[in-house]
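S.K.: coords below, sequence missing:
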């Protein structure tokens, strides 16, 4: 008389199963969001690093000659061949986690990023150039991009390295 019926036990198990399923889905979603947030954070930091480098040390890059193209055309800016700036990301920063698995995970994440840059002269008489740095990577089988745009003086890089 004071025990549970079979229907009450089955109902309780069903409620627990639904709750466990919802909690598991929330956990996996939060893991996916954390991974996505981390890669976006790293991409933004890499784009800012390259943008700063291009603005402060334009001689390390090969800049387009703007008179060769129509105004408003985006032209590629590349790292110099055999220069100190790598064409691709060679690896993560020097400070990595000590745990081997975490270290390998960080190294693999950084190896998946690529960068490219382009310069665009808004008008023929413009004194500045729009510089765009793009960081690309794959996440869950889809290509993701982060773009950072700023202005640099036209004289800083026009025709440098050609």
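M.R.: Arrived safely. On a predicted model such as this, the values are computed, not experimentally measured, just so you know.
S.K.: how about the residue nearest in space to the middle of the chain, what does it touch?
M.R.: Residue closest to the average C-alpha location in the chain (C-alpha atoms, centre = their mean): residue 43, at 2.4 Å. Counting by C-beta atoms under 8 Å, 6 or more residues apart in numbering, residue 43 makes contact with 113, 135, 137, 144, 146. Placement of C-beta: from N, CA and C, glycine included.
S.K.: need the contact partners of stretch 151-162.
M.R.: 54-55, 58-59, 61-66, 77, 80, 119, 121, 126-131.
S.K.: narrow these to those in helices?
M.R.: Among the contacts of stretch 151-162, DSSP state H puts 54, 55 in helices.
S.K.: mind checking which of the contacts of stretch 151-162 are buried?
M.R.: 54, 58, 61-64, 66, 77, 119, 121, 129-131 (16 or more other C-beta atoms under 10 Å).
S.K.: want to try TSV for these, with pLDDT and distance to residue 160 as columns?
M.R.: Output for the buried ones among the contacts of stretch 151-162, formatted as TSV (pLDDT from 0 to 100; distance: C-beta to C-beta, whole Å):
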residue	pLDDT	distance to residue 160
54	91	11
58	88	6
61	90	7
62	89	7
63	89	5
64	87	10
66	82	12
77	92	10
119	93	11
121	90	14
129	90	12
130	93	17
131	94	13
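S.K.: farthest-separated two in those residues?
M.R.: 62 and 130 (17.5 Å; C-beta to C-beta).
S.K.: quick one on the thing from earlier: ok, so of the contacts of residue 43, who is nearest residue 11?
M.R.: Distance to residue 11 across those (C-beta to C-beta) is lowest for residue 144, with 44.4 Å.
S.K.: who is the closest one paired with across the strands?
M.R.: residue 137 (DSSP bridges).
S.K.: that one touches residue 134, doesn't it?
M.R.: No: counting by C-beta atoms under 8 Å, residue 144 sits too far from residue 134 to count as a contact (10.9 Å).
S.K.: the protein: strands as residue ranges?
M.R.: 61-62, 74-79, 114-120, 128-139, 142-153 (DSSP state E).
S.K.: tell me which of those strands lies nearest to residue 4.
M.R.: Per C-beta to C-beta, nearest to residue 4 of those: strand 128-139, 47.5 Å.
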